[in-house]
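Student: got a predicted structure here, sequence first:
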Amino acid sequence: MRAIEILWAGLFRLFCGATLVFLVLPLLVVAPLAFNDSDFLTYPMRGFSLRWIEEILLSDQWLPPIRNSLFISTCAALIATMLGTAAALGLSKTRTFWRAPQMGLFLMPVVMPIAVLAVGTYLAFVRWGLQGTFAGLILVHAGLGVPFVVTTVAATLKGYDERLFRAALSLGAPPLTAFRQVTLPLILPGVLAGTVFAFSVSFDEVITSLFLAGPSQRTLPLQMFSGMRENVSPAIAAAALFMMVTAVLLLLTVEWLRRRAARRQGG
């Protein structure tokens, strides 16, 4: 029995390693092309150059989409954080049959096909005058980020002692003050992790941007999508490298927040 368990554990590790290589290998193939001296996405590389990195960071073609993506993602993440945290707090106080359906409602943007959501929001936003505006993109991206904030904050609230909040109220603190000084510091790692996930979802989103963005709201993923159809160049690989580095930094931030929360709960 012991030998069989060791065999299955080895096979499981082998399968996980193969899956990881399958997922990471395309990234490792694309990333070096950002430093290619050629004008085309080809191997072998002709030489090493930083001109494509300079192009996406300095040119008028790539810099505005990067700024738009950072602005839209930041605003959407902040809105999603406020809405998702409030929703998670409300759901944590719900002990009835309706808690599961309510949680499912908040998770609907995750399970719904993104194309269906994009078409629906486009039809509504055209009528409301929000199509082709930053406000429209921010609202949609915030809605996509809310489920991730709800789940991370709800997971953090499982280890939260509600009696601390009640004790603050019994000592005369107003509800808002009790939340700001007692509840929020304890659930802050989960809130920040949700913010990071919401930012990442917004920063990578292209389908809703394709339906709702105007010329002045063009985001980095949308610029990459258009570039692949019109003129494939190593600048697209440089933009992909920029997004990969951003994603890695966000993942490291989430891991740091997770470990901080684990240390706090353990202490």
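Tutor: Right, received. Where do you want to start? Numbers count the residues shown, from 1 in each chain.
Student: CA only for contacts and neighbour counts going forward, please
Tutor: Will do.
Student: burial of residue 29, as a residue count?
Tutor: Residue 29: 11 surrounding residues under other CA atoms under 10 Å.
Student: list the contacts for residue 98?
Tutor: Neighbouring residues of residue 98 by CA atoms under 8 Å, 6 or more residues apart in numbering: there are none.
Student: would you mark the buried spots in stretch 212-219?
Tutor: Going by neighbour count (16 or more other CA atoms under 10 Å), the buried part of stretch 212-219 is 212, 213, 217, 218, 219.
Student: contacts for it, please.
Tutor: With CA under 8 Å, 6+ apart as the test, stretch 212-219 has contacts from 64-69, 118, 122, 131-134, 136-137, 206, 209.
Student: where in the stretch 101-250 of the chain is pLDDT low?
Tutor: Within the stretch 101-250 of the chain, the stretches with pLDDT under 70 are 229-231.
Student: from the chain's centroid, how far away is the longest helix that the chain contains?
Tutor: Determined from DSSP state H, the single longest helix within the chain is helix 234-266. Its chain's C-alpha centre and that of helix 234-266 lie 10 Å apart, by CA atoms, centre = their mean, to the nearest Å.
Student: re earlier: keep only those of the buried residues of stretch 212-219 that are in helices.
Tutor: Among the buried residues of stretch 212-219, the members found in helices (DSSP H) are residue 212.
Student: make a markdown table from the buried residues of stretch 212-219 and add distance to residue 194 to it.
Tutor: What follows is the buried residues of stretch 212-219, written out as a markdown table (distance: CA to CA, whole Å):
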| residue | distance to residue 194 |
| --- | --- |
| 212 | 25 |
| 213 | 25 |
| 217 | 25 |
| 218 | 25 |
| 219 | 22 |
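Student: ok, residue 206 - how many residues close by?
Tutor: Applying other CA under 10 Å, we find 21 residues neighbouring residue 206.
Student: from what I can see residue 63 touches residue 57, true?
Tutor: Yes. Between residue 63 and residue 57 a contact is recorded at 5.5 Å, counting by CA atoms under 8 Å.
Student: for residue 69, give its distance to residue 93.
Tutor: Per CA to CA, to the nearest Å, residue 69 is found 36 Å from residue 93.
Student: pick out the residue nearest the middle of this structure.
Tutor: Closest to where the C-alpha atoms of the chain average out (CA atoms, centre = their mean) is residue 200, at 2.3 Å.
Student: who's in contact with it?
Tutor: If you count contacts by CA under 8 Å, 6+ apart, residue 200 has them with 73, 247, 250.
Student: the first one and residue 141 touch, don't they?
Tutor: Yes. In this structure, residue 73 sits in contact with residue 141. The criterion is CA under 8 Å, and the distance is 7.4 Å.
Student: mutual contacts of those two, please.
Tutor: residue 202.
Student: which residue ranges of the stretch 51-200 of the chain form helices?
Tutor: Assigned by DSSP state H, counting those that start in this stretch, the stretch 51-200 of the chain shows helices spanning 51-58, 63-92, 99-106, 108-111, 114-128, 134-157, 162-170, 175-178, 184-204.
Student: need the ones you listed in a markdown table with distance to residue 39, can you?
Tutor: Below are the helices of the stretch 51-200 of the chain laid out as a markdown table (distance: least, CA to CA, whole Å):
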| stretch | distance to residue 39 |
| --- | --- |
| helix 51-58 | 9 |
| helix 63-92 | 20 |
| helix 99-106 | 46 |
| helix 108-111 | 38 |
| helix 114-128 | 33 |
| helix 134-157 | 33 |
| helix 162-170 | 60 |
| helix 175-178 | 58 |
| helix 184-204 | 26 |
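Student: check contacts around residue 85.
Tutor: If you count contacts by CA under 8 Å, 6+ apart, residue 85 has them with 149, 150, 153, 191.
Student: look at the closest residue to residue 191 other than its chain neighbours and say how many residues are nearby.
Tutor: Using CA to CA, 6 or more residues apart in numbering and skipping the chain neighbours, the partner closest in space to residue 191 is residue 153 (5.6 Å). Neighbour count for residue 153, taken as other CA under 10 Å: 27.
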